[in-house]
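>>> Quick check, what structure comes out for this input:
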Amino acid sequence: MEKDMEKCAEQQRLLFLGMCSLEDRKRICDEKIMDLYNFERITYLLEAFGFEEYKFVFEMKYKDLLLKLADIVEQNLVCGNSMDKYVLQDKYEIRNEWQQEFVRNLPNEVMKNCIQEIFDLYA
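Okay, here's the model as predicted:
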């Protein structure tokens, strides 16, 4: 079963690399530094596409960034920010920007329409 998960994760990785921007490919392939912002954005995109197996591999590859993100979430919970409608609205707007940016970078209208439909289903 583990081999099946590894194969699935690799298929998802290759699909994502085929769709994402050159800059993201460089980040994923360690040719460019992965920062917290891009880690969170790429993790969100992987989740939106349903690439759960690769998302797990990606998060483990950047475990230090995952832990930083978890600390930020925990701090927000401690401060009571998790229920703040402005924080939630900001997060929604950021994710919407990530989606629009991803779609904008796709090479043709067919891909743009299909990927936008996936994002609409995820919302």
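>>> Tell me who's in contact with the closest residue to Glu47 other than its chain neighbours.
With sequence-adjacent residues excluded and distances taken as C-beta to C-beta, 6 or more residues apart in numbering, Glu47 is closest to Lys55, at 5.8 Å. Where you see a C-beta, it was placed from the backbone N, CA and C, and this is true even at glycine. In this structure, Lys55 makes contact with 12, 43, 46-47, judged by C-beta atoms under 8 Å, 6 or more residues apart in numbering.
>>> Please identify the buried residues of the helix or strand encompassing Lys55?
Using DSSP states H and E, the element containing Lys55 is helix 52-61. Within helix 52-61, the residues scored as buried using 16 or more other C-beta atoms under 10 Å are 53-55, 57-59.
>>> Counting by contacts, list what the one helix or strand Lys7 maps to packs against.
In this assignment (DSSP H and E), Lys7 forms part of helix 2-19. With contacts taken as 3 or more C-beta pairs under 8 Å, 6 or more residues apart in numbering; DSSP states H and E, helix 2-19 sits against helix 22-28, helix 36-48, helix 52-61.
>>> Turn those into a markdown table, columns for mean pLDDT and distance to Glu117.
Written out in a markdown table, the entries for the helices and strands packed on helix 2-19 read as follows (pLDDT from 0 to 100; distance: least, C-beta to C-beta, whole Å):
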| stretch | mean pLDDT | distance to Glu117 |
| --- | --- | --- |
| helix 22-28 | 97 | 21 |
| helix 36-48 | 96 | 12 |
| helix 52-61 | 97 | 19 |
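>>> Any idea which of the ones you listed gets closest to Cys114?
Go through the helices and strands packed on helix 2-19 one by one with C-beta to C-beta and the one that ends up closest to Cys114 is helix 36-48, at 13.1 Å.
>>> doesn't Glu53 make contact with Cys8?
Yes. Using C-beta atoms under 8 Å, Cys8 is in contact with Glu53, at 4.5 Å.
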